[in-house]
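Q: Fold the following and give me the result.
(chains A and B)
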Amino acid sequence: MSEVRVRIAPSPSGNLHVGTARTALFNYLFAKKNNGKFVLRIEDTDAERTSQEYVDNIFDSLKALGLNWDEGPDVGGNYGPYTQSERFDIYPKYIQELLDKGFAYECFCTPEELEAEKEEATANKKAYVYSKKCENLTDEEKAKLRAEGRKPAIRFNVAKAQKAFHESSILKFDDLVKGELQMDTNLIGDFVIMKSNGAPTYNYAVVIDDALMKITHVIRGEDHISNTYKQILIFEALGFEVPRFGHLGMILAPDRSKLSKRHGATAVSDFVEQGYLTEALVNFVALLGWAPSDGEEVKPVDAIAADFRIGEISSSNSIFEYDKLRWMNSHYIKMLPMDTLKEMLKPYLTRYDLTELSDEQFTKMVEITREPLTLLSDITEAVPYFFGQDVEIDPEVQTEVLDLEESQKVLNDFVEKAQTWEWTEENLHNKLEEFRGTWKEQGIKPKATMWAIRAAVSGRTRGADMVGLLEVLGKERTIHRAQKSCKVAK
RNA sequence: GCCCCCAUCGUCUAGAGGCCUAGGACAACACCCUUUCACGGUGUAGACAGCGAUUCGAAUUCGCUUGGGGGUACCA
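A: Residues are numbered from 1 along each chain as shown, chains lettered A, B, ... in the order given. The predicted structure is shown next:
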(Lines give C-alpha, C1' and ligand atoms only; values in the text may rest on other atoms or scores of the structure.)
Protein backbone atom coordinates (compact mmCIF):
# COMPACT_ATOMS: atom_id res chain seq x y z
CA MET A 1 0.00 0.00 0.00
CA SER A 2 1.21 3.46 -0.81
CA GLU A 3 2.08 5.86 1.94
CA VAL A 4 -0.83 7.45 3.75
CA ARG A 5 -0.92 11.20 3.20
CA VAL A 6 -3.52 13.43 4.80
CA ARG A 7 -3.86 17.17 4.98
CA ILE A 8 -5.50 20.02 6.78
CA ALA A 9 -6.32 22.94 4.52
CA PRO A 10 -7.52 25.93 6.50
CA SER A 11 -8.54 29.16 4.90
CA PRO A 12 -6.89 32.10 6.67
CA SER A 13 -10.04 34.17 6.97
CA GLY A 14 -10.01 34.03 10.75
CA ASN A 15 -8.12 32.62 13.71
CA LEU A 16 -7.89 28.83 13.90
CA HIS A 17 -11.33 27.64 14.96
CA VAL A 18 -11.73 24.70 17.35
CA GLY A 19 -13.71 22.92 14.67
CA THR A 20 -10.78 23.17 12.31
CA ALA A 21 -8.51 22.14 15.14
CA ARG A 22 -10.54 18.98 15.62
CA THR A 23 -10.39 18.19 11.92
CA ALA A 24 -6.64 18.80 12.05
CA LEU A 25 -6.36 16.53 15.07
CA PHE A 26 -8.23 13.66 13.45
CA ASN A 27 -6.06 13.97 10.35
CA TYR A 28 -2.99 14.04 12.54
CA LEU A 29 -4.15 11.00 14.51
CA PHE A 30 -4.91 9.11 11.33
CA ALA A 31 -1.46 9.92 9.95
CA LYS A 32 0.28 8.89 13.16
CA LYS A 33 -1.68 5.71 13.45
CA ASN A 34 -0.83 4.74 9.88
CA ASN A 35 2.72 5.99 9.80
CA GLY A 36 1.70 8.53 7.22
CA LYS A 37 2.39 12.16 6.48
CA PHE A 38 0.41 15.13 7.71
CA VAL A 39 0.38 18.06 5.31
CA LEU A 40 -0.60 21.66 5.97
CA ARG A 41 -1.90 23.68 3.06
CA ILE A 42 -3.13 27.26 3.25
CA GLU A 43 -6.14 27.96 1.07
CA ASP A 44 -5.98 31.66 0.45
CA THR A 45 -7.55 31.77 -2.98
CA ASP A 46 -9.88 34.54 -1.93
CA ALA A 47 -7.43 37.36 -1.35
CA GLU A 48 -10.14 39.69 -0.05
CA ARG A 49 -10.91 37.65 3.01
CA THR A 50 -7.51 36.36 3.98
CA SER A 51 -4.61 37.89 5.84
CA GLN A 52 -1.11 37.08 7.01
CA GLU A 53 -2.16 37.67 10.60
CA TYR A 54 -4.53 34.73 10.36
CA VAL A 55 -1.92 32.58 8.67
CA ASP A 56 0.37 33.21 11.63
CA ASN A 57 -2.41 32.45 14.05
CA ILE A 58 -3.07 29.14 12.30
CA PHE A 59 0.60 28.18 12.46
CA ASP A 60 0.92 29.14 16.10
CA SER A 61 -2.28 27.44 17.18
CA LEU A 62 -1.51 24.18 15.41
CA LYS A 63 1.96 24.17 16.91
CA ALA A 64 0.64 24.94 20.37
CA LEU A 65 -1.70 21.99 20.06
CA GLY A 66 1.26 19.80 19.18
CA LEU A 67 -0.16 19.00 15.73
CA ASN A 68 3.10 19.29 13.87
CA TRP A 69 2.96 18.92 10.13
CA ASP A 70 5.47 17.06 7.98
CA GLU A 71 5.03 19.29 4.97
CA GLY A 72 3.71 22.83 4.77
CA PRO A 73 4.35 26.42 3.74
CA ASP A 74 7.08 26.96 6.32
CA VAL A 75 8.78 23.56 6.35
CA GLY A 76 8.44 22.84 2.65
CA GLY A 77 8.23 19.37 1.15
CA ASN A 78 8.33 17.65 -2.21
CA TYR A 79 4.94 18.77 -3.38
CA GLY A 80 5.04 22.51 -2.78
CA PRO A 81 4.26 25.26 -2.81
CA TYR A 82 1.84 24.71 0.04
CA THR A 83 0.07 28.03 -0.20
CA GLN A 84 -2.65 28.15 -2.79
CA SER A 85 -2.01 31.71 -3.91
CA GLU A 86 1.49 30.61 -4.89
CA ARG A 87 0.08 27.85 -7.06
CA PHE A 88 -1.93 29.97 -9.46
CA ASP A 89 0.28 29.11 -12.42
CA ILE A 90 -0.52 25.43 -11.95
CA TYR A 91 -4.29 25.60 -12.32
CA PRO A 92 -4.75 26.76 -15.97
CA LYS A 93 -2.96 23.74 -17.35
CA TYR A 94 -5.56 21.31 -16.06
CA ILE A 95 -8.38 23.63 -17.04
CA GLN A 96 -7.10 23.37 -20.58
CA GLU A 97 -6.96 19.60 -20.32
CA LEU A 98 -10.56 19.52 -19.16
CA LEU A 99 -11.54 21.84 -21.99
CA ASP A 100 -9.71 19.66 -24.52
CA LYS A 101 -11.30 16.49 -23.24
CA GLY A 102 -14.73 18.08 -23.38
CA PHE A 103 -15.27 17.92 -19.66
CA ALA A 104 -15.49 21.68 -19.39
CA TYR A 105 -16.78 24.60 -21.40
CA GLU A 106 -16.81 28.36 -21.41
CA CYS A 107 -19.79 30.12 -19.92
CA PHE A 108 -20.65 33.71 -20.76
CA CYS A 109 -23.75 34.01 -18.60
CA THR A 110 -24.09 37.22 -16.64
CA PRO A 111 -24.93 37.26 -12.93
CA GLU A 112 -28.37 38.58 -13.90
CA GLU A 113 -29.08 35.68 -16.24
CA LEU A 114 -28.01 33.21 -13.60
CA GLU A 115 -30.11 34.91 -10.99
CA ALA A 116 -33.15 34.64 -13.22
CA GLU A 117 -32.62 30.89 -13.62
CA LYS A 118 -32.44 30.45 -9.89
CA GLU A 119 -35.61 32.39 -9.30
CA GLU A 120 -37.42 30.31 -11.80
CA ALA A 121 -36.29 27.11 -10.12
CA THR A 122 -37.47 28.37 -6.75
CA ALA A 123 -40.82 29.37 -8.23
CA ASN A 124 -41.27 25.87 -9.64
CA LYS A 125 -40.13 24.22 -6.40
CA LYS A 126 -37.33 22.52 -8.27
CA ALA A 127 -33.69 22.15 -7.35
CA TYR A 128 -31.64 24.77 -9.13
CA VAL A 129 -29.44 23.27 -11.81
CA TYR A 130 -27.59 25.41 -14.31
CA SER A 131 -29.35 25.40 -17.67
CA LYS A 132 -26.20 24.56 -19.64
CA LYS A 133 -27.17 27.26 -22.05
CA CYS A 134 -23.52 27.94 -22.90
CA GLU A 135 -22.57 24.30 -23.37
CA ASN A 136 -22.83 24.28 -27.14
CA LEU A 137 -21.90 27.78 -28.11
CA THR A 138 -20.34 27.95 -31.56
CA ASP A 139 -17.02 29.67 -32.12
CA GLU A 140 -18.79 32.54 -33.83
CA GLU A 141 -21.14 33.03 -30.91
CA LYS A 142 -18.25 32.97 -28.49
CA ALA A 143 -16.30 35.45 -30.57
CA LYS A 144 -19.29 37.73 -30.64
CA LEU A 145 -19.74 37.60 -26.87
CA ARG A 146 -16.05 38.22 -26.40
CA ALA A 147 -16.29 41.21 -28.72
CA GLU A 148 -18.99 42.54 -26.40
CA GLY A 149 -16.37 42.50 -23.69
CA ARG A 150 -17.71 39.47 -21.84
CA LYS A 151 -15.17 37.27 -20.14
CA PRO A 152 -16.05 33.64 -19.79
CA ALA A 153 -15.95 31.51 -16.69
CA ILE A 154 -15.21 27.82 -17.12
CA ARG A 155 -17.81 25.30 -16.09
CA PHE A 156 -17.38 21.63 -15.46
CA ASN A 157 -19.62 19.36 -17.50
CA VAL A 158 -21.09 17.10 -14.85
CA ALA A 159 -23.20 14.89 -17.09
CA LYS A 160 -20.34 14.20 -19.44
CA ALA A 161 -17.98 13.15 -16.70
CA GLN A 162 -20.67 11.06 -15.06
CA LYS A 163 -21.42 9.22 -18.29
CA ALA A 164 -17.76 8.70 -19.05
CA PHE A 165 -17.01 7.01 -15.73
CA HIS A 166 -20.29 5.76 -14.28
CA GLU A 167 -23.18 3.71 -15.53
CA SER A 168 -25.75 5.27 -13.30
CA SER A 169 -26.40 8.90 -12.59
CA ILE A 170 -26.32 7.98 -8.91
CA LEU A 171 -22.79 8.62 -7.76
CA LYS A 172 -21.70 6.65 -4.70
CA PHE A 173 -18.62 6.56 -2.57
CA ASP A 174 -17.63 4.72 0.55
CA ASP A 175 -17.08 7.24 3.31
CA LEU A 176 -14.49 6.36 5.94
CA VAL A 177 -16.78 7.34 8.78
CA LYS A 178 -20.30 7.34 7.40
CA GLY A 179 -20.24 4.36 5.10
CA GLU A 180 -21.83 4.48 1.66
CA LEU A 181 -23.01 7.92 0.61
CA GLN A 182 -24.78 8.78 -2.63
CA MET A 183 -26.16 11.60 -4.69
CA ASP A 184 -27.95 11.97 -7.97
CA THR A 185 -25.58 13.79 -10.30
CA ASN A 186 -28.53 15.15 -12.27
CA LEU A 187 -29.06 17.45 -9.36
CA ILE A 188 -25.56 18.83 -9.56
CA GLY A 189 -25.42 21.73 -11.94
CA ASP A 190 -22.43 22.36 -14.14
CA PHE A 191 -20.41 24.31 -11.64
CA VAL A 192 -17.77 26.93 -12.23
CA ILE A 193 -14.20 25.73 -11.89
CA MET A 194 -12.49 28.90 -13.02
CA LYS A 195 -13.90 32.32 -12.46
CA SER A 196 -14.03 34.87 -15.23
CA ASN A 197 -11.16 36.69 -13.55
CA GLY A 198 -8.99 33.61 -14.00
CA ALA A 199 -8.98 32.48 -10.39
CA PRO A 200 -9.74 28.83 -9.70
CA THR A 201 -12.74 28.03 -7.53
CA TYR A 202 -12.48 26.01 -4.37
CA ASN A 203 -13.85 22.73 -5.71
CA TYR A 204 -11.40 22.77 -8.57
CA ALA A 205 -8.33 23.96 -6.71
CA VAL A 206 -8.66 21.36 -3.95
CA VAL A 207 -8.75 18.57 -6.44
CA ILE A 208 -5.65 19.77 -8.24
CA ASP A 209 -3.82 20.33 -4.97
CA ASP A 210 -4.89 17.08 -3.37
CA ALA A 211 -3.99 15.16 -6.49
CA LEU A 212 -0.62 16.81 -6.95
CA MET A 213 0.19 16.52 -3.27
CA LYS A 214 -0.65 12.83 -3.45
CA ILE A 215 -3.23 13.04 -0.71
CA THR A 216 -4.64 9.57 -0.06
CA HIS A 217 -7.29 10.31 2.53
CA VAL A 218 -9.37 13.45 2.82
CA ILE A 219 -10.76 13.82 6.32
CA ARG A 220 -12.91 16.91 6.80
CA GLY A 221 -16.20 18.24 8.12
CA GLU A 222 -19.48 16.91 6.78
CA ASP A 223 -20.28 20.33 5.39
CA HIS A 224 -18.12 19.13 2.51
CA ILE A 225 -20.17 16.07 1.60
CA SER A 226 -21.94 17.81 -1.25
CA ASN A 227 -18.59 19.01 -2.61
CA THR A 228 -17.24 15.50 -2.61
CA TYR A 229 -19.34 14.37 -5.57
CA LYS A 230 -18.13 17.29 -7.65
CA GLN A 231 -14.56 16.63 -6.66
CA ILE A 232 -14.70 12.93 -7.43
CA LEU A 233 -15.87 13.75 -10.92
CA ILE A 234 -12.96 16.14 -11.47
CA PHE A 235 -10.44 13.62 -10.16
CA GLU A 236 -11.79 11.10 -12.64
CA ALA A 237 -11.99 13.49 -15.57
CA LEU A 238 -8.34 14.32 -15.10
CA GLY A 239 -7.31 10.71 -14.66
CA PHE A 240 -6.18 11.19 -11.10
CA GLU A 241 -6.59 8.53 -8.48
CA VAL A 242 -9.57 9.37 -6.30
CA PRO A 243 -8.62 9.55 -2.62
CA ARG A 244 -10.71 8.04 0.17
CA PHE A 245 -12.98 10.50 1.95
CA GLY A 246 -14.07 10.65 5.57
CA HIS A 247 -16.60 13.15 6.84
CA LEU A 248 -16.81 14.20 10.44
CA GLY A 249 -19.92 15.49 12.17
CA MET A 250 -19.94 19.16 13.01
CA ILE A 251 -19.28 20.75 16.35
CA LEU A 252 -22.27 22.70 17.57
CA ALA A 253 -22.74 25.21 20.35
CA PRO A 254 -24.83 24.25 23.40
CA ASP A 255 -27.87 25.81 21.72
CA ARG A 256 -27.32 23.56 18.69
CA SER A 257 -26.41 26.40 16.44
CA LYS A 258 -23.05 26.88 14.84
CA LEU A 259 -20.35 27.52 17.41
CA SER A 260 -19.69 31.23 17.17
CA LYS A 261 -18.15 34.02 19.16
CA ARG A 262 -21.29 34.81 21.06
CA HIS A 263 -21.02 31.41 22.73
CA GLY A 264 -17.62 32.28 24.16
CA ALA A 265 -14.22 31.28 22.93
CA THR A 266 -14.10 29.66 19.50
CA ALA A 267 -10.54 30.17 18.32
CA VAL A 268 -7.80 28.06 19.82
CA SER A 269 -5.94 31.23 20.69
CA ASP A 270 -9.00 32.50 22.60
CA PHE A 271 -8.96 29.40 24.74
CA VAL A 272 -5.27 29.72 25.41
CA GLU A 273 -5.72 33.32 26.40
CA GLN A 274 -8.49 32.37 28.79
CA GLY A 275 -6.19 29.99 30.56
CA TYR A 276 -6.95 26.67 28.93
CA LEU A 277 -4.10 24.25 28.40
CA THR A 278 -3.69 23.08 24.82
CA GLU A 279 -3.21 19.52 26.07
CA ALA A 280 -6.65 19.68 27.67
CA LEU A 281 -8.17 21.20 24.58
CA VAL A 282 -6.77 18.51 22.32
CA ASN A 283 -7.84 15.75 24.67
CA PHE A 284 -11.33 17.17 25.00
CA VAL A 285 -11.83 17.73 21.31
CA ALA A 286 -10.67 14.19 20.54
CA LEU A 287 -13.53 12.95 22.69
CA LEU A 288 -16.05 14.67 20.46
CA GLY A 289 -16.99 11.79 18.24
CA TRP A 290 -14.38 9.35 19.36
CA ALA A 291 -14.16 7.15 22.46
CA PRO A 292 -11.09 5.40 23.85
CA SER A 293 -11.30 1.62 23.80
CA ASP A 294 -10.32 1.30 27.44
CA GLY A 295 -12.74 3.95 28.67
CA GLU A 296 -9.85 6.04 29.97
CA GLU A 297 -10.71 9.49 28.76
CA VAL A 298 -7.75 11.47 29.98
CA LYS A 299 -4.78 10.61 27.83
CA PRO A 300 -2.10 12.33 25.80
CA VAL A 301 -2.22 12.62 22.02
CA ASP A 302 0.29 9.83 21.46
CA ALA A 303 -1.86 7.37 23.36
CA ILE A 304 -4.93 8.56 21.51
CA ALA A 305 -3.17 8.11 18.19
CA ALA A 306 -2.22 4.55 19.04
CA ASP A 307 -5.83 3.75 19.86
CA PHE A 308 -7.38 5.71 17.00
CA ARG A 309 -9.79 3.94 14.64
CA ILE A 310 -11.35 6.22 12.09
CA GLY A 311 -14.15 3.81 11.26
CA GLU A 312 -15.43 4.11 14.80
CA ILE A 313 -15.85 7.83 14.86
CA SER A 314 -19.41 8.86 15.58
CA SER A 315 -21.12 10.15 12.48
CA SER A 316 -23.40 12.54 14.27
CA ASN A 317 -22.82 16.12 15.28
CA SER A 318 -21.63 16.87 18.77
CA ILE A 319 -22.17 19.76 21.08
CA PHE A 320 -19.24 21.63 22.49
CA GLU A 321 -19.90 21.54 26.22
CA TYR A 322 -17.62 23.93 28.06
CA ASP A 323 -18.23 22.19 31.41
CA LYS A 324 -16.36 19.08 30.48
CA LEU A 325 -13.54 21.07 28.91
CA ARG A 326 -13.17 22.95 32.18
CA TRP A 327 -13.03 19.72 34.13
CA MET A 328 -10.45 18.39 31.72
CA ASN A 329 -8.46 21.57 32.09
CA SER A 330 -8.39 21.43 35.87
CA HIS A 331 -7.24 17.88 35.56
CA TYR A 332 -4.32 18.87 33.35
CA ILE A 333 -3.41 21.79 35.60
CA LYS A 334 -3.12 19.37 38.50
CA MET A 335 -0.71 17.24 36.53
CA LEU A 336 1.56 20.15 35.63
CA PRO A 337 5.03 20.09 37.19
CA MET A 338 5.52 22.92 39.68
CA ASP A 339 8.14 24.79 37.66
CA THR A 340 6.05 24.69 34.51
CA LEU A 341 2.96 25.83 36.35
CA LYS A 342 4.82 28.74 37.92
CA GLU A 343 5.88 29.99 34.53
CA MET A 344 2.48 29.51 32.95
CA LEU A 345 0.81 31.41 35.75
CA LYS A 346 2.98 34.50 35.47
CA PRO A 347 1.08 36.06 32.55
CA TYR A 348 -2.00 36.08 34.74
CA LEU A 349 -0.22 37.78 37.64
CA THR A 350 0.89 40.94 35.92
CA ARG A 351 -1.23 43.12 38.14
CA TYR A 352 0.82 42.10 41.15
CA ASP A 353 4.37 43.00 42.04
CA LEU A 354 6.00 39.60 41.97
CA THR A 355 9.26 41.03 43.23
CA GLU A 356 7.62 41.22 46.64
CA LEU A 357 7.99 37.48 46.84
CA SER A 358 11.13 35.41 46.98
CA ASP A 359 11.13 32.45 44.65
CA GLU A 360 10.53 30.28 47.67
CA GLN A 361 7.50 32.30 48.68
CA PHE A 362 6.16 32.34 45.15
CA THR A 363 6.49 28.58 44.95
CA LYS A 364 4.71 28.19 48.26
CA MET A 365 1.94 30.51 47.15
CA VAL A 366 1.35 28.51 44.01
CA GLU A 367 1.46 25.27 45.94
CA ILE A 368 -1.32 26.34 48.24
CA THR A 369 -3.52 27.99 45.64
CA ARG A 370 -3.26 25.66 42.67
CA GLU A 371 -5.72 23.06 43.85
CA PRO A 372 -9.00 24.72 42.88
CA LEU A 373 -7.80 26.23 39.62
CA THR A 374 -9.96 25.40 36.65
CA LEU A 375 -8.40 27.91 34.33
CA LEU A 376 -4.90 29.29 34.65
CA SER A 377 -6.50 32.71 34.72
CA ASP A 378 -8.31 31.83 37.95
CA ILE A 379 -5.04 32.53 39.72
CA THR A 380 -5.53 36.26 39.28
CA GLU A 381 -8.45 36.44 41.69
CA ALA A 382 -7.06 33.79 43.97
CA VAL A 383 -4.00 35.60 45.27
CA PRO A 384 -4.46 39.36 45.88
CA TYR A 385 -3.97 38.96 49.62
CA PHE A 386 -0.44 37.67 49.19
CA PHE A 387 0.63 41.12 48.12
CA GLY A 388 0.98 44.44 49.91
CA GLN A 389 1.30 45.25 53.56
CA ASP A 390 -2.43 45.65 54.04
CA VAL A 391 -5.30 43.67 52.72
CA GLU A 392 -8.68 44.63 51.39
CA ILE A 393 -11.43 43.21 53.56
CA ASP A 394 -14.58 42.03 51.86
CA PRO A 395 -17.48 44.02 53.40
CA GLU A 396 -19.48 40.89 54.00
CA VAL A 397 -16.56 39.22 55.70
CA GLN A 398 -16.21 42.29 57.88
CA THR A 399 -19.77 42.20 59.17
CA GLU A 400 -20.27 38.48 59.28
CA VAL A 401 -16.94 37.41 60.67
CA LEU A 402 -14.66 40.14 61.90
CA ASP A 403 -17.34 42.16 63.69
CA LEU A 404 -18.33 39.16 65.77
CA GLU A 405 -17.45 39.36 69.41
CA GLU A 406 -15.89 35.93 69.44
CA SER A 407 -13.74 36.81 66.46
CA GLN A 408 -12.50 39.88 68.26
CA LYS A 409 -11.56 37.83 71.29
CA VAL A 410 -9.72 35.34 69.14
CA LEU A 411 -7.88 37.99 67.18
CA ASN A 412 -6.72 39.90 70.23
CA ASP A 413 -5.39 36.74 71.69
CA PHE A 414 -3.82 35.72 68.39
CA VAL A 415 -1.96 38.99 68.04
CA GLU A 416 -0.49 38.56 71.47
CA LYS A 417 0.44 34.91 71.22
CA ALA A 418 1.74 34.95 67.67
CA GLN A 419 4.44 37.39 68.70
CA THR A 420 6.17 34.56 70.48
CA TRP A 421 5.79 31.92 67.79
CA GLU A 422 8.65 30.67 65.77
CA TRP A 423 7.54 31.17 62.14
CA THR A 424 8.17 27.80 60.56
CA GLU A 425 5.71 25.52 58.85
CA GLU A 426 5.89 22.79 61.43
CA ASN A 427 5.71 25.07 64.37
CA LEU A 428 2.88 27.14 62.94
CA HIS A 429 0.92 24.00 62.38
CA ASN A 430 1.36 22.96 66.00
CA LYS A 431 0.78 26.39 67.45
CA LEU A 432 -2.38 26.87 65.46
CA GLU A 433 -3.70 23.57 66.65
CA GLU A 434 -2.89 24.44 70.21
CA PHE A 435 -4.49 27.85 69.74
CA ARG A 436 -7.71 26.35 68.40
CA GLY A 437 -7.67 24.00 71.38
CA THR A 438 -7.60 26.71 73.99
CA TRP A 439 -10.50 28.56 72.38
CA LYS A 440 -12.47 25.43 71.96
CA GLU A 441 -12.38 25.03 75.70
CA GLN A 442 -13.99 28.43 75.93
CA GLY A 443 -16.77 27.45 73.61
CA ILE A 444 -15.51 28.76 70.30
CA LYS A 445 -15.44 26.26 67.52
CA PRO A 446 -12.16 25.56 65.72
CA LYS A 447 -13.83 26.59 62.51
CA ALA A 448 -14.75 29.98 63.93
CA THR A 449 -11.27 30.48 65.28
CA MET A 450 -9.71 29.79 61.93
CA TRP A 451 -12.19 31.93 60.11
CA ALA A 452 -11.40 34.90 62.28
CA ILE A 453 -7.70 34.67 61.55
CA ARG A 454 -8.22 33.93 57.88
CA ALA A 455 -10.59 36.83 57.51
CA ALA A 456 -8.19 39.24 59.16
CA VAL A 457 -5.11 38.27 57.17
CA SER A 458 -6.71 37.54 53.81
CA GLY A 459 -9.90 39.54 53.86
CA ARG A 460 -11.80 36.45 52.82
CA THR A 461 -13.33 33.33 54.26
CA ARG A 462 -12.03 31.09 51.58
CA GLY A 463 -8.60 30.56 50.15
CA ALA A 464 -5.27 28.90 50.56
CA ASP A 465 -4.16 26.57 53.29
CA MET A 466 -3.75 28.56 56.52
CA VAL A 467 -0.33 27.40 57.57
CA GLY A 468 1.11 28.05 54.14
CA LEU A 469 -0.61 31.37 53.95
CA LEU A 470 0.83 32.59 57.25
CA GLU A 471 4.21 31.30 56.23
CA VAL A 472 4.24 33.27 53.00
CA LEU A 473 2.89 36.41 54.64
CA GLY A 474 5.53 36.25 57.34
CA LYS A 475 5.21 36.97 61.02
CA GLU A 476 5.37 40.72 60.88
CA ARG A 477 2.73 41.15 58.18
CA THR A 478 0.43 38.55 59.68
CA ILE A 479 0.40 40.28 63.04
CA HIS A 480 0.07 43.66 61.41
CA ARG A 481 -3.03 42.60 59.53
CA ALA A 482 -4.52 40.79 62.50
CA GLN A 483 -3.98 43.79 64.71
CA LYS A 484 -5.61 46.08 62.20
CA SER A 485 -8.76 44.04 62.43
CA CYS A 486 -8.90 44.34 66.19
CA LYS A 487 -11.46 46.95 67.14
CA VAL A 488 -9.94 47.87 70.46
CA ALA A 489 -6.34 48.86 70.15
CA LYS A 490 -4.18 46.84 72.44
C1' G B 1 -38.39 25.04 -1.89
C1' C B 2 -34.93 21.08 -3.42
C1' C B 3 -30.86 17.65 -2.10
C1' C B 4 -27.79 15.26 1.59
C1' C B 5 -26.35 13.72 6.58
C1' C B 6 -27.65 12.49 11.62
C1' A B 7 -30.82 10.58 15.90
C1' U B 8 -28.91 6.22 23.35
C1' C B 9 -29.21 10.05 30.10
C1' G B 10 -28.98 17.73 30.13
C1' U B 11 -23.87 16.96 27.40
C1' C B 12 -19.79 13.59 25.30
C1' U B 13 -20.34 8.59 24.54
C1' A B 14 -20.21 2.48 25.21
C1' G B 15 -23.42 -0.63 22.68
C1' A B 16 -22.41 -4.01 15.50
C1' G B 17 -30.03 -9.31 17.31
C1' G B 18 -30.13 -12.45 22.93
C1' C B 19 -24.20 -10.55 27.54
C1' C B 20 -28.95 -4.42 28.40
C1' U B 21 -33.65 -4.73 34.53
C1' A B 22 -28.68 -0.13 28.65
C1' G B 23 -22.34 0.78 30.97
C1' G B 24 -18.79 5.06 31.65
C1' A B 25 -17.38 10.39 31.84
C1' C B 26 -18.85 15.76 32.65
C1' A B 27 -22.68 18.47 34.89
C1' A B 28 -26.67 18.01 38.98
C1' C B 29 -28.04 16.27 43.84
C1' A B 30 -26.93 13.79 48.68
C1' C B 31 -23.54 12.09 52.16
C1' C B 32 -18.41 11.36 53.95
C1' C B 33 -13.48 13.53 54.68
C1' U B 34 -11.96 18.41 56.59
C1' U B 35 -9.12 24.31 60.36
C1' U B 36 -12.21 27.67 55.53
C1' C B 37 -12.53 27.06 50.21
C1' A B 38 -11.23 23.30 47.36
C1' C B 39 -9.37 18.44 46.20
C1' G B 40 -10.80 13.54 47.07
C1' G B 41 -14.24 9.44 48.25
C1' U B 42 -19.15 7.11 48.27
C1' G B 43 -23.92 7.11 46.55
C1' U B 44 -28.72 8.99 44.04
C1' A B 45 -31.29 10.64 39.95
C1' G B 46 -31.17 10.60 34.60
C1' A B 47 -31.65 8.03 27.88
C1' C B 48 -32.63 3.88 23.48
C1' A B 49 -37.53 10.47 19.55
C1' G B 50 -42.47 8.23 17.76
C1' C B 51 -45.04 4.58 14.82
C1' G B 52 -45.04 0.34 11.96
C1' A B 53 -42.30 -4.04 9.77
C1' U B 54 -38.71 -8.34 9.97
C1' U B 55 -37.51 -12.00 13.94
C1' C B 56 -38.65 -16.91 18.82
C1' G B 57 -36.14 -12.30 20.33
C1' A B 58 -34.38 -5.31 18.34
C1' A B 59 -31.17 0.29 21.25
C1' U B 60 -28.99 -2.76 17.55
C1' U B 61 -32.08 -4.55 10.63
C1' C B 62 -35.84 -2.09 7.20
C1' G B 63 -39.72 1.77 6.15
C1' C B 64 -42.41 6.10 7.46
C1' U B 65 -43.02 10.41 10.67
C1' U B 66 -40.87 13.97 13.69
C1' G B 67 -36.67 16.60 15.22
C1' G B 68 -31.67 18.53 14.52
C1' G B 69 -27.58 19.71 11.25
C1' G B 70 -25.47 20.68 6.48
C1' G B 71 -25.51 21.99 1.25
C1' U B 72 -27.88 24.54 -2.47
C1' A B 73 -22.41 30.80 -5.09
C1' C B 74 -17.89 33.12 -10.62
C1' C B 75 -17.06 31.80 -0.81
C1' A B 76 -13.77 28.43 1.09
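Q: which sections of chain A are below the confidence cut-off?
A: Where chain A drops to pLDDT under 70, the residues are A:1, A:488-490.
Q: Let me see the ranges of the strands in it.
A: Under the criterion DSSP state E, chain A carries strands at the ranges A:5-8, A:37-40, A:104-107, A:153-156, A:170-175, A:179-184, A:192-194, A:217-221, A:244-248, A:251-252, A:318-319.
Q: Go through these and pick out the most buried.
A: strand A:5-8 (a mean of 25; mean count of other Cβ atoms under 10 Å). For the C-beta atoms, the positions are set from N, CA and C on the backbone; glycine is no exception.
Q: Please name every helix or strand in contact with it.
A: In terms of contacts (3 or more Cβ pairs under 8 Å, 6 or more residues apart in numbering; DSSP states H and E), strand A:5-8 is packed against helix A:18-33, strand A:37-40, strand A:217-221.
Q: Apart from its neighbours in sequence, what residue is nearest A:Lys346?
A: What sits nearest to A:Lys346 in space, not counting adjacent residues and going by Cβ to Cβ, 6 or more residues apart in numbering, is A:Leu354, at 7.3 Å.
Q: returning to that earlier point: could I get the helices and strands packed on strand A:5-8 as a markdown table with distance to A:Arg477?
A: Output for these, formatted as a markdown table (distance: least, Cβ to Cβ, whole Å):
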| stretch | distance to A:Arg477 |
| --- | --- |
| helix A:18-33 | 44 |
| strand A:37-40 | 53 |
| strand A:217-221 | 56 |
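Q: any chance of these in a markdown table, with distance to RNA strand B too?
A: Shown next, in a markdown table, are the helices and strands packed on strand A:5-8 (distance: least, Cβ to the nearest atom of the strand, whole Å):
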| stretch | distance to RNA strand B |
| --- | --- |
| helix A:18-33 | 10 |
| strand A:37-40 | 14 |
| strand A:217-221 | 8 |
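Q: Identify whichever of these lies nearest to A:Val207.
A: strand A:217-221 (10.1 Å; Cβ to Cβ).
Q: would you list the strands of chain A in JSON lines and tack on distance to A:Thr122?
A: Shown next, in JSON lines, are the strands of chain A (distance: least, Cβ to Cβ, whole Å):
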{"stretch": "strand A:5-8", "distance to A:Thr122": "36"}
{"stretch": "strand A:37-40", "distance to A:Thr122": "40"}
{"stretch": "strand A:104-107", "distance to A:Thr122": "21"}
{"stretch": "strand A:153-156", "distance to A:Thr122": "21"}
{"stretch": "strand A:170-175", "distance to A:Thr122": "25"}
{"stretch": "strand A:179-184", "distance to A:Thr122": "19"}
{"stretch": "strand A:192-194", "distance to A:Thr122": "20"}
{"stretch": "strand A:217-221", "distance to A:Thr122": "27"}
{"stretch": "strand A:244-248", "distance to A:Thr122": "28"}
{"stretch": "strand A:251-252", "distance to A:Thr122": "28"}
{"stretch": "strand A:318-319", "distance to A:Thr122": "33"}
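Q: what about these, which gets the closest to A:Asp359?
A: strand A:37-40 (39.9 Å).
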